[in-house]
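Novice: What shape does this take:
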Amino acid sequence: MASASPQKPYNKTKYFLLSYLIHFILNVWYFFIKKAELRIPPASQALIDQGRGYIIAGFHEATLSLFRHTTGYLQKQKGAKMVALVSQSKDGEIIHQTFARSNLSSIRGSSTRGGTGAFRSILKAMKEGQVPIFTVDGPKGPRHEVKPGIIAAASLSQLPILYLHSQYNLFWRFNSWDRHFFPKWRARLHIWYGEPFRVPKGLDEAGIEEWALKLQAEMLKLEQNLETEIRSLYPNNSIDVPLNSKTLEN
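Specialist: From the prediction side, this is the model:
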């Protein structure tokens, strides 16, 4: 099997400086985004209130709102020490640096480059009481396909997965593999959590694949239910805008 092509070197200083600009712009923009709803089932809320002992899961398309929520609510208000798995690509570097501006630590690695070491680092962080964030279909998709890493981590650690989805009533959608969205000015943000998702201990490869499909089904159901709610609350929403007419090219 041919090895992956080595990544070309890039200027980390440039990304370090750029992250401050991005962080500033996001803080200003999100000052005008209204947090309309945070819906958390009691069982999930009880885990969150402990400040540790769970795993966060979301789809890659919601990375931005996931970042804002985890740093603002889980970390600042609930005292959780969050840690994110970020790819070793150039895109991952700017994400890593931007996360750092909000005191969100990250572990560099992915399924294609440095993944095994990154997985061990995530497990170590979990044992130390940190709360990991998995974008379950990242870093390259396919969209909405849950990868095995989060199931393996949950099986080994026996920590429950708290999956969530966020949705704005008005947003722009990027023409990227994950269809990432960015809120429009004065958009309203809704965040819904599912019930704690518990994975059996000692799963083999087939078991991990089976439970990944189960988590995927629950996450898709939550997303669909939230989108239905948005449609009912805001007839003039961005969910049903055709991708080819109201998108941002990526």
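Novice: Which parts of this protein are helices?
Specialist: Listed in chain order, the helices of the chain (DSSP state H) span 12-30, 42-50, 63-69, 90-101, 115-127, 148-157, 205-233.
Novice: which residues does residue 158 contact?
Specialist: Contact partners of residue 158, counting by Cβ atoms under 8 Å, 6 or more residues apart in numbering, are 199, 201. For the C-beta atoms, the positions are set from N, CA and C on the backbone; glycine is no exception.
Novice: run the last query once more with 6 Å
Specialist: Counting by Cβ atoms under 6 Å, 6 or more residues apart in numbering, residue 158 touches residue 201.
Novice: re earlier: could you dump the helices of the chain to CSV with distance to residue 164?
Specialist: Shown next, in CSV, are the helices of the chain (distance: least, Cβ to Cβ, whole Å):
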stretch, distance to residue 164
helix 12-30, 18
helix 42-50, 9
helix 63-69, 8
helix 90-101, 18
helix 115-127, 18
helix 148-157, 13
helix 205-233, 8
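Novice: how about those in a markdown table, adding mean pLDDT and mean neighbour count?
Specialist: A markdown table is the format used below for those (pLDDT from 0 to 100; neighbours: other Cβ atoms under 10 Å):
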| stretch | mean pLDDT | mean neighbour count |
| --- | --- | --- |
| helix 12-30 | 92 | 13 |
| helix 42-50 | 98 | 14 |
| helix 63-69 | 95 | 21 |
| helix 90-101 | 88 | 19 |
| helix 115-127 | 89 | 16 |
| helix 148-157 | 96 | 21 |
| helix 205-233 | 98 | 15 |
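Novice: nearest to residue 56, of these?
Specialist: helix 63-69 (7.7 Å; Cβ to Cβ).
Novice: Wait, residue 183 touches residue 34, no?
Specialist: No: Residue 183 is beyond contact range of residue 34, at 9.7 Å (criterion: Cβ atoms under 6 Å).
Novice: the more surrounded of the two?
Specialist: Each of residue 183 and residue 34 has its neighbours counted (other Cβ atoms under 10 Å); residue 183 has more, 24 against 13.
Novice: And the pLDDT for that one?
Specialist: pLDDT recorded at residue 183 is 97.
Novice: cool, residue 3 as well?
Specialist: So residue 3 comes in at 42 (pLDDT).
Novice: okay, now the nearest residue to residue 59 once chain neighbours are set aside: neighbour count?
Specialist: Using Cβ to Cβ, 6 or more residues apart in numbering and skipping residues adjacent in sequence, the residue nearest residue 59 is residue 137, 5.7 Å away. For residue 137, the neighbour count with other Cβ under 10 Å is 21.
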